[in-house]
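1. prediction below, plus the sequence it came from.
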Amino acid sequence: MPESSSWDVLVAPDSGRTVLGVDFPVAGRRAAGFADLAAMLGPRYRFLRARPRSASPGDGLSGEAYTEAWIEQLRRDREPVLAIFGHGVGCVYAAEIADAVGGWQQTPAVILFDPELASVRLLSRALSAEVRANEAILSAAEIERATRAVADIAARPGPIASVAREIVETYLGVLSVPWERIGLGDLRDSTFARSFAAQIAWLAAASVLDPGHAWDRSTVIMSAGHTGHAGTPGAMSGPDSRRIQFDVDQAGLLGAGCVAGAVLELLGSR
């Protein structure tokens, strides 16, 4: 399968053993990602990572709109998919893709890393992370206002679509003046703003998808302290589900050798 607008090729041996990864690669994030895991799995597996769409909450894209391009590329190429990995909210999209791929081949294995469901709390957490990442250019008063804004949004949840738009506007309101003050120009026209808006749109769109069927037959790999997700009762509790927890922090989960070893064992049993 060649690199396309829908999938990035992380490892490309002609092995016929393809695994897929679904996550949102946040710019500047220090946490390990699927590129780190792919490198540790070695050349035995062809590893493709879903490429997120460039979008904003105002576009109103549904969860199905996100997965459509990924699924269509897989359907056209018909290269057998051995397993699908998801990370965080990417686990929701991974479930949707796995169910679709199962329509034309044996349903692939589903391996979830610290799975989460989209929520207002999660959107607020993304905004809080951006504020922390930019503290060096913010005054004490600006940090205090931003912290209050994040807490206010988190405390009065509403429809995720409307909250997502508010999150992006708050981000721009908090950071536009500091950006101009230090000579970085218009934040709205920057790749940073576009990337943050795309991340929030990705999170919001996942809120309408139901991953329960695929999650009930998944293997869940969790970092230390990860307590699972808040959502539909019974998800990840099916007779074919399995949970494995490692003494690794969340940021290092996809870069840990013990995790890679467990994944190789799981893939080897397929």
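-> Cool, got the structure.
2. shouldn't Val9 be within a strand?
-> Yes: counting by DSSP: H, G, I helix; E, B strand; the rest coil, Val9 is part of a strand.
3. how close does it get to Ser54?
-> The gap separating Val9 from Ser54 is 19 Å, by Cβ to Cβ, to the nearest Å. Where C-beta positions appear, they are placed from N, C-alpha and C, glycine not excepted.
4. could you do Glu72 as well?
-> Glu72 is 17 Å from Ser54, by Cβ to Cβ.
5. same check on Val177?
-> 26 Å.
6. so for these two, which residue has more residues nearby?
-> The residue with more neighbours, out of Val177 and Ser54, is Val177; 14 against 11, by other Cβ atoms under 10 Å.
7. now do the contacts for the more buried one.
-> Glu142 (Cβ atoms under 8 Å, 6 or more residues apart in numbering).
8. where does this structure have low pLDDT?
-> Applying pLDDT under 70 to the chain flags residues 1-4, 14-15, 27-29, 227-240, 269-270.
9. all strands for it, in order.
-> 7-11, 18-22, 46-50, 81-87, 109-113, 219-222, 242-245 (DSSP state E).
10. let me have these in TSV, extended by distance to Leu172 and mean neighbour count.
-> Shown next, in TSV, are the strands of the chain (distance: least, Cβ to Cβ, whole Å; neighbours: other Cβ atoms under 10 Å):
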stretch	distance to Leu172	mean neighbour count
strand 7-11	28	18
strand 18-22	28	25
strand 46-50	27	25
strand 81-87	27	26
strand 109-113	31	25
strand 219-222	34	22
strand 242-245	38	13
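11. any chance you could map the helices in the stretch 101-250 of the chain?
-> Assigned by DSSP state H, counting those that start in this stretch, the helices in the stretch 101-250 of the chain fall at 120-133, 140-155, 160-181, 191-206, 212-215.
12. would JSON lines of those helices with distance to Glu79 be doable?
-> Formatted as JSON lines, the helices of the stretch 101-250 of the chain follow (distance: least, Cβ to Cβ, whole Å):
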{"stretch": "helix 120-133", "distance to Glu79": "33"}
{"stretch": "helix 140-155", "distance to Glu79": "42"}
{"stretch": "helix 160-181", "distance to Glu79": "34"}
{"stretch": "helix 191-206", "distance to Glu79": "25"}
{"stretch": "helix 212-215", "distance to Glu79": "20"}
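13. those: which one's closest to Gly58?
-> Checking those against Gly58 by Cβ to Cβ gives helix 160-181 as the closest, at 6.0 Å.
14. mind listing what's buried in that closest one?
-> Neighbour-count burial for helix 160-181, counted by 16 or more other Cβ atoms under 10 Å, picks out 160-161, 163-168, 170-172, 174-176, 178-179.
15. so how far is it from its chain's centroid?
-> Chain-centre distance of helix 160-181: 21 Å, with Cα atoms, centre = their mean, to the nearest Å.
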